[in-house]
Each structure stands twice: as structure tokens, then as C-alpha cells.
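>>> below are the sequence and a predicted model; questions follow.
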Amino acid sequence: MSDPLDLIHLRSLVAIADCGGFHRAAAALRLSQSTVSQHVRLLERRLKEPLVEKSGRGTRLTAAGEALLVEARRILAVHDESLARLEVRAERDMVVGCTEHAADRMLPPFLAVLRHAFPGRTVRFRLDRSTRLADDVARGALDLAVVLGGAEPSGAQITMLPLSWFAARHAPLPAAGEPFPVVAFEEPCGLRQKALQALDSAGHVTTITAESTSLDGVLAAVRAGLGIALLPSTGRTPSGLVALRHLPALDPVALEIVTRRGIDPDIRRTAFEAGRDFFATRAHLRSIAVA
């Protein structure tokens, strides 16, 4: 395959033709004259033809330069039109992330608010763990996400969720001196660290007996009697599990909205208000477990 023509080099050639020389082209493009000259030399090397020649005190395009100019205008026009269409499409898309099981109750009304407030935008969503969602927001892959506090970047708090220990019904607790079997999320995970540190501070020896990348996997392992798990919730015990009251109590964890840099302030404000209002007006829905 032949080496492609560089769009920046083509833009310099068009500017020379439109502005009447290298100096004016450089000023219009906000480049140095030597940079514009280098672009032309690279085009000439690529096409193996002289493209610009001296004409009195100025310059003019050669026949090969004129032929390339026609193609350059066509290429740049198609490129710029395509880019404009893609930018409009990207602006109309809103990508929202949410921690896994918060989606069951919170996400439908949350997305409904966003779609109503911004009818010209397509709202898409993705479920994942807080650490991954926060990373994607930080690098601009997500517009906003509902995450557990402690992730980077930090966000605006919409509520606090208590942390509770859970085990399978009728699962035997370890005998004195035996390690506590712990089911946890795979690293990196703030909940995992909180659980191990709390048990260690209380003098318990621990061992990770199962780990998963998802909340469903953690719950399945606990239901199977493989160990205990520390999970945030809004009150209702997950099906098939029991809450353990005798283990160390931990402070509640914040549920936050994080938004990418440069997001429309109206979107940020609407998302925060939608999340806050959900918990303020639906306090009876005490059934969310978040990972």
C-alpha cells in the first residue's frame, strides 16, 4: 500500500494557493514559514514532483502542484464534512455508567430524567464496578457515572449507604482461632480492603476463599457458603443471605455522581438532582446493593 498523503501537509498547500505565498499561508495557519515549507517538501518527496516554483519575487504552483491542489481541496472537504457529522453525533450521545445493582432501582428513573431534560441526545448506559467506571470518566470515555465514594475522581454525594456483613443462611461460622473465609471482588476494590482491614483490626485472621469481578458472582459465592462478604445496601438483605451483626461495624459509604471534565454544567446539575431526588422521594425502596 502506498504511503498516505498527510492532511496537514495538504492544508499547507491549499493555504499557499489561497493566501498567495508561504509567508501569508504560515500566518493564516499559525505556523512558522519553515514548517509550511517543510510540509511542501514532504509532499514533493512523496509524489516525486516539484509542486511550487519561484515566479519573480513570489511563488506559484507547478502543473503537478495545481493537479494536487484540486485533489487536496476535495480530500479536505470530505474529511471536514465527515468530522463535523461525527462531532454532532458524539455531542448528541450521552454515555452513563452505573454500579451494577443500583441499576435495578435507580437507573430507569435516572435515565428517564436525563432523556426528558435533553430530548435531542441519545442516552446509553454501561454497568460495571465503581473503580472501572471512575477510570472511564476520568479519561473521558463516559460522560458521568454513579459510583461508590472513594473512587478517583471524587464526585458529588447523593446519599450514604450502610456497609453490612452477609453470609449464607445456616453457614457455619469459623471456630475460635480459625480464619474467617471472605468472598470479595477482584482487585482493585475498596470494599475488599475495608473488609480485610476491619477484620484484621478486630483480631480476626482472614482468607480469601472466592473472588469475582461482579456483584452477582460475589453473591453466588456467599450463597454457596464459601464465605462472608462486606456489601453496601439500603436495608434489605439479599435473597438467601443473612446479615451478621456481631462483626466489626464500618462507617457508611457515599454514593456519588462523577462527571468527565468539560461536561455541560446543565447535564451535571440534572444528573445530581435526579440521583438525590430518587433517594429523597423513594426512601421505602430499601433494596439496592451496590458494587
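Cool, got the structure.

>>> now the closest residue to Val205 other than its chain neighbours: how far from Leu241?
Closest residue in space to Val205, ignoring its immediate chain neighbours: Pro179 at 4.2 Å, by C-beta to C-beta, 6 or more residues apart in numbering. Using the backbone N, CA and C atoms, a C-beta is placed for each residue, glycine as well. Distance, Pro179 to Leu241, by C-beta to C-beta, to the nearest Å: 20 Å.

>>> who's more crowded, those two?
The residue with more neighbours, out of Pro179 and Leu241, is Leu241; 21 against 14, by other C-beta atoms under 10 Å.

>>> okay, now the residue lying closest to that one once chain neighbours are set aside: neighbour count?
Spatial nearest neighbour of Leu241, excluding adjacent residues (C-beta to C-beta, 6+ apart): Phe166 at 4.4 Å. Phe166: 23 surrounding residues under other C-beta under 10 Å.

>>> list the residues that contact Phe166.
Counting by C-beta atoms under 8 Å, 6 or more residues apart in numbering, Phe166 touches 222, 228-231, 237-238, 241-244.

>>> walk me through the domains of the chain.
Segmentation of the chain into domains, based on automatic domain parsing, reads 7-90, 91-160+253-281, 163-244.

>>> got CSV for those domains, with mean pLDDT too?
Formatted as CSV, the domains of the chain follow (pLDDT from 0 to 100):
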stretch, mean pLDDT
domain 7-90, 87
domain 91-160+253-281, 83
domain 163-244, 87
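
>>> make sure Ile257 is indeed in a strand.
Yes: secondary structure of Ile257 (DSSP: H, G, I helix; E, B strand; the rest coil): part of a strand.

>>> now do the strands in the stretch 101-250 of the chain.
Along the stretch 101-250 of the chain, the segments classed as strands by DSSP state E, counting those that start in this stretch run 122-128, 144-148, 156-161, 163-168, 180-185, 206-212, 229-232, 241-244.

>>> out of these, flag the one nearest Ser34.
Ser34 lies closest, by C-beta to C-beta, to one member of the strands of the stretch 101-250 of the chain: strand 144-148, at 44.6 Å.

>>> just how off-centre is that closest one within its chain?
Strand 144-148 sits 10 Å away from the centroid of its parent chain (C-alpha atoms, centre = their mean, to the nearest Å).

>>> out of the strands of the stretch 101-250 of the chain, which is closest to Ala195?
That would be, of those and by C-beta to C-beta, strand 229-232, which comes in at 3.9 Å.

>>> sheet partners, orientation included, of the closest one?
Here strand 229-232 has these sheet partners by DSSP bridges: strand 163-168 (antiparallel).

>>> now the strand it pairs with - C-alpha only, PDB.
Below are the C-alpha coordinates for strand 163-168, written out as PDB (Å, rounded to 0.1, in the frame of the first residue of the first chain):
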ATOM      1  CA  LEU A 163     -22.000  -1.300  54.900                       C
ATOM      2  CA  SER A 164     -23.100  -4.700  56.200                       C
ATOM      3  CA  TRP A 165     -21.700  -8.200  56.500                       C
ATOM      4  CA  PHE A 166     -23.600 -11.000  54.900                       C
ATOM      5  CA  ALA A 167     -23.400 -14.800  55.000                       C
ATOM      6  CA  ALA A 168     -25.400 -17.700  53.700                       C
END
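
>>> which one's the longest helix in this protein?
Ranked by residue count under DSSP state H, the longest helix found in the chain is helix 63-92.

>>> okay, and the beta partners of Asn122?
No, residue 122 isn't Asn; it's Thr. Note on Thr122: beta-bridge partners by DSSP bridges are Asp93.

>>> hang on, it packs against Val96?
No: using C-beta atoms under 8 Å, Thr122 is not in contact with Val96, being 11.0 Å away.

>>> who has more neighbours, these two?
Val96 (21 against 11).

>>> okay, the strands of the stretch 101-250 of the chain in JSON lines with distance to Arg192 next?
Below are the strands of the stretch 101-250 of the chain laid out as JSON lines (distance: least, C-beta to C-beta, whole Å):
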{"stretch": "strand 122-128", "distance to Arg192": "16"}
{"stretch": "strand 144-148", "distance to Arg192": "12"}
{"stretch": "strand 156-161", "distance to Arg192": "16"}
{"stretch": "strand 163-168", "distance to Arg192": "12"}
{"stretch": "strand 180-185", "distance to Arg192": "4"}
{"stretch": "strand 206-212", "distance to Arg192": "8"}
{"stretch": "strand 229-232", "distance to Arg192": "8"}
{"stretch": "strand 241-244", "distance to Arg192": "17"}
